[in-house]
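Q: heads up, no residue letters with this:
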């Protein structure tokens, strides 16, 4: 028998301290990136890309990262290489 469909899944709110710590780390990283003086056009593009990722608040990275880690480790295992992540 099928279970009734639920309207939506609710995400648990993050602990305030964890969120504040993550925001502080992101802010510090952005500050360090802003102090770098790129020497090539490619470096300018890379820094802009990193800044964009750090400013993104969509939550996509938190959703996509676990699957990406799994896929990377599976591919490395298939090729006989060491795991990248300890989890």
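A: Received the coordinates, thanks. Owing to the predicted nature of the structure, the values given are computational and were not obtained by experimental measurement.
Q: May I have the residues that are in contact with the residue nearest to residue 50 when sequence neighbours are not counted?
A: Closest residue to residue 50 apart from its sequence neighbours, by C-beta to C-beta, 6 or more residues apart in numbering: residue 33 at 6.0 Å. Yep, even glycine has a C-beta here, placed from its N, CA and C like the rest. By C-beta atoms under 8 Å, 6 or more residues apart in numbering, the residues touching residue 33 are 47, 50, 51, 54.
Q: Apart from its neighbours in sequence, what residue is nearest the third one?
A: Closest residue to residue 51 apart from its sequence neighbours, by C-beta to C-beta, 6+ apart: residue 33 at 5.7 Å.
Q: Secondary structure element holding the residue nearest the centre of the chain?
A: By C-alpha atoms, centre = their mean, the mean C-alpha position of the chain lies nearest to residue 61, the distance being 4.0 Å. Assessed by DSSP states H and E, residue 61 sits inside helix 60-79.
Q: And the contacts of that helix?
A: Residues contacting helix 60-79 (C-beta under 8 Å, 6+ apart): 53, 82, 83, 84, 85, 87.
Q: Against residue 75, how distant is the residue lying closest to the fifth one once chain neighbours are set aside?
A: Counting by C-beta to C-beta, 6+ apart, residue 85 lies nearest to residue 69, which is 5.3 Å off, once chain neighbours are set aside. With distances defined as C-beta to C-beta, to the nearest Å, the gap from residue 69 to residue 75 amounts to 11 Å.
Q: Would you mind telling me which of the two has the busier surroundings?
A: Set residue 69 next to residue 75 and count neighbours by other C-beta atoms under 10 Å: residue 69 wins out with 14 against 11.
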